[in-house]
Each structure stands twice: as C-alpha cells, then as structure tokens.
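J.: One predicted model, sequence on top.
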Amino acid sequence: MSRRPFVALAIAETLSISGTRLSGIAVPWLVLSTTGSPMLTGLVAMMEMLPYVVAKALGGPLIDRLGPKRIALICDSASVMTVGLVPVLHLIGMLTMPILLPIVFVMGLLRGPSDAAKQSMVPDIAELASVPLERVTGVVGAIERLASTAGAAGAGALIALIGPSQALAVNALTFAAAAVIVAAGIPRLRHAPKAEAAGITAYGRELAEGWLFLRRDAVLVAMTLMVATTNLFDQALATVLLPVWIQGSGHGPVLLGTLFAIFSGASIVGAVIATMIGERLPRLAVYTVAFLLTGLPRFLVFALDSPLALIFVTLAIGGFASGFLNPILSAVLFERTPKPLIGRVTSLNAAFCWALLPFGGLVGGLLIKACGLSAALLVMGLAYFAATLAPLAHGSFRGFEKKKFADNILSL
C-alpha cells in the first residue's frame, strides 16, 4: 500500500485548482474593470470555457493511450507560458482585447485535458492506497474545495494589491509547481496501448467506444444532463452576475473573493463529513437535498439585495451542502465505468457536464442587458430550482444506489 501518489495528486490538485480559481476571478475582473462591459466579460469567459470543454471531450483517447501523467505534465507545463503572457503583455502596454481573447482560448484548451487527466487518476490511486473509492473521492472533493477557498480568498487580496493581470503571474507559478509534483510523485498509472492502436481511425474508434458506453448508461446520462444545466447557471453567477452586483453595490474584488471563499470554505466541511460517513448515507436523498440548498437561495439573496450577513449565511449553507455532491457524482461515475475506458468516459462526462459553461457568462450578460440585474438573478435562480427537481421526476436517478462493478463489465 502506497500513499505517496495520493499525497502528490492532492498537492498538485490543490495548486492547480487554486490557480484556476484565481484566474477565474482575475480575468473577468480585468475585463470588467477595464471595459465596464458585462457583455465583453461574458465573451471572455466563453472564449476560455468553449475550448476547455471541447479539448476535455476529445482528450480521452490520448489519456488512455499516453497515460494521464504524461498528459497532465504536458498541459500544465504549457499553461505556465500561456498564463504568464497576460502579466507580461500588460506590463509592456500591449494587452488588448484582440490579444487577450486568443490567450484565454489557449488557456482553456490546455486546462481541459489536464483536469481530465488528473480526474482519471483517481481509481488507480484509490487502488494503490487500498481505500474505498467513496473515501478517496470524498478526500479529493475536500481538497478541491480547500483549493477553491484558498484561491478565491487569495485572488481577492492579490487583485486588490497588485491588480488582476499581475495576479495571473501567481497562477502561472501554481501550474509550474503542480507539474513538478506530478512528475516527481506520481508513477505512470496506466500502461501504453498496443502498438497497432494508432492513427486517426483508431483514435475515432476509441472515442466512439467511450461515447457509446456513456450514452447507453441511463444513470450517467441523467446525472450529466442535470449537472450541465446547473453548471450553466453557476457560471453565469460567478463570471458576470456576481461581479456586476459587487461593482454596482460599491464593493471591490476583496468582497468578491470573500464570497467565493465563504462558499468554498463551508463546502470543505461538507466534503470532509461526506468522506467520513458517505458510505453509509442514502446517495439520492443527500444528492437531491444538497442541490436544493445549493441553488435557488444563492440567487435570491443577491436578487433581493439582502444584507451581507444574510448573504454570508446563505452561501455558507449552500457551500456546506455542495460539499456532498462531488464525492457522490465521482463515486457513481467510477463505479459504473470499466477501467479500460476510464480516460475516455470520464473526459466525455466532464466535457458534457461543462458543455454549457462557455455560454453561462454570455447568457448572464444578455439577461442583464434585457431585463436588469435583479430580474436576471431571479430568472436564473428559478431555472436552477426547476433543474434540481430532476431527481424527483426522472426514474434513472434511482440507479445512484445500485453499484456496478465496472472492472467486470465492458459491454459496448
């Protein structure tokens, strides 16, 4: 039993997620503060997320062929140079929107396969550590929340201290550190494929195998559609609606980072509890209640211009509930997926879950333009509530409680 790969993955995830959260706050704030346009802010968010989703969807066969470690190293190393361009160009006065857009496009293009590769390491690392999959997904979920909290809090402070563009220099350093730790601490988890598995035709066949498996599993399809829908609303809130609310209420980026940190910090507690008792909890009931607490209330408190104390409490409750979601989602996905298809299925699943994210900021910007900020928040919140009722209406979600032993199942 070896815990070293798990520790290495945990540290690498903490660094890369912290950096991603930092850039997720810094880039929209940079655009909003320099242009004052919610539409341009949403456009930049879309330009990063669209290639992220596509690259994650198409990267699965490469992960299964080359191994997740190699893909993570290549993408994280290239991300150092790409993200580092923003502060350098800003320093010399050459950072304009026509230049920023392709940079954030490449940022998304690299982050997609890197995130997918790290996610696909989880089952192998659970096996190396000889611990239940739900416990590992719970620990990974807690780490993700911790990293998001640190990244959000640090982002607000850094942006206020040195500005959004220079804060991205720290983001580049986190990618560099993550690449070093993955290289030193994680073994090659998956053997290289057979020599004949090469070429565009074989690549397409491998991608199709992952797609066919995912499409035929009703539980995974229902889960993916629900998460994709709620992710759209979360993205609109995070990248446009919330920054515009912050700016309009006279606050600055420190409050923005604080709000993200409160939500993520509370979710750490939820994820830790899910790690400790998750194996004994009824998955579907916890999943449904957690989504109900996480969604609509957050939008309502901002739509009603509630006092900050009420906003903090609402975000803390929603964050705590959200901590239970990722361990459940990850455990269901890994249990139902055969190991030979892990890279492809998890990449496709994650890509579909994120498929609407590129349009979240754009939809948020359009709603603000069409009906104003308060109405946009209310519309998004009610739509989120409707989506969270899916587990009560769709019978496929009952399969959450049924465990398949994916190592023994491979029918395409």
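T.: Thanks, I have it.
J.: show me the biggest helix of this protein in terms of residues.
T.: helix 4-35 (DSSP state H).
J.: what comes up buried for it?
T.: 5-6, 8-34 (16 or more other C-beta atoms under 10 Å). Quick note: C-beta positions are derived from backbone N, CA and C, even for glycine.
J.: Report the distance from that helix to the chain centre.
T.: Offset of helix 4-35 from its chain centre (C-alpha atoms, centre = their mean, to the nearest Å): 10 Å.
J.: same question, stretch 48-65
T.: In terms of C-alpha atoms, centre = their mean, the centre of stretch 48-65 is found 14 Å from the chain centre.
J.: who's in contact with Ala169?
T.: 84, 87 (C-beta atoms under 8 Å, 6 or more residues apart in numbering).
J.: That one: what secondary structure?
T.: helix (DSSP: H, G, I helix; E, B strand; the rest coil).
J.: Heading C-terminal from the helix or strand Phe385 falls within, find the next helix or strand.
T.: Secondary structure from DSSP states H and E places Phe385 in helix 373-388. Moving toward the C-terminus from helix 373-388, the next helix or strand (DSSP H and E) is helix 390-393.
J.: coming back round to it: against which helices or strands is the longest helix of the chain packed?
T.: helix 38-58, helix 68-91, helix 97-120, helix 122-129, helix 133-162, helix 164-185, helix 242-248, helix 253-277 (3 or more C-beta pairs under 8 Å, 6 or more residues apart in numbering; DSSP states H and E).
J.: for it, what is the average pLDDT?
T.: Across helix 4-35, pLDDT averages out at 78.
J.: between it and helix 97-120, how many degrees?
T.: 160 degrees (axes from the mean of the first three to the mean of the last three C-alpha atoms, to 10 degrees).
J.: So what angle separates the directions of helix 4-35 and helix 253-277?
T.: 160 degrees.
J.: Tell me the spacing between Pro102 and Leu341.
T.: With distances taken as C-beta to C-beta, to the nearest Å, Pro102 is found 33 Å from Leu341.
J.: now Leu392
T.: Taking C-beta to C-beta, one finds Leu392 at 30 Å from Leu341.
J.: With neighbour numbers in mind, choose between these two.
T.: More crowded of Leu392 and Leu341, by other C-beta atoms under 10 Å: Leu341, with 21 against 10.
J.: tilt between the helix or strand where Ala285 lies and helix 253-277?
T.: If you go by DSSP H and E, Ala285 is part of helix 283-294. Comparing the axes of helix 283-294 and helix 253-277 via the same axes, to 10 degrees yields an angle of 160 degrees.
J.: Helix 283-294: which residues count as buried?
T.: 283-284, 286-288, 290-294.
J.: Find the nearest non-adjacent residue to the most centrally placed residue in the chain, please.
T.: By C-alpha atoms, centre = their mean, the mean C-alpha position of the chain lies nearest to Trp354, the distance being 7.8 Å. Nearest in space to Trp354, with sequence neighbours left out and distances taken as C-beta to C-beta, 6 or more residues apart in numbering, is Val53 at 4.8 Å.
J.: my guess is Val379 meets Ile368, correct?
T.: No - counting by C-beta atoms under 8 Å, Val379 does not reach Ile368; the two are 10.6 Å apart.
J.: These two - which one has more neighbours?
T.: Ile368 (22 against 17).
J.: thinking again about what came up before, what is the helix holding Ala285 packed up against?
T.: Using 3+ C-beta pairs under 8 Å, 6+ apart, helix 283-294 sits against helix 308-322, helix 325-336, helix 373-388, helix 390-393.
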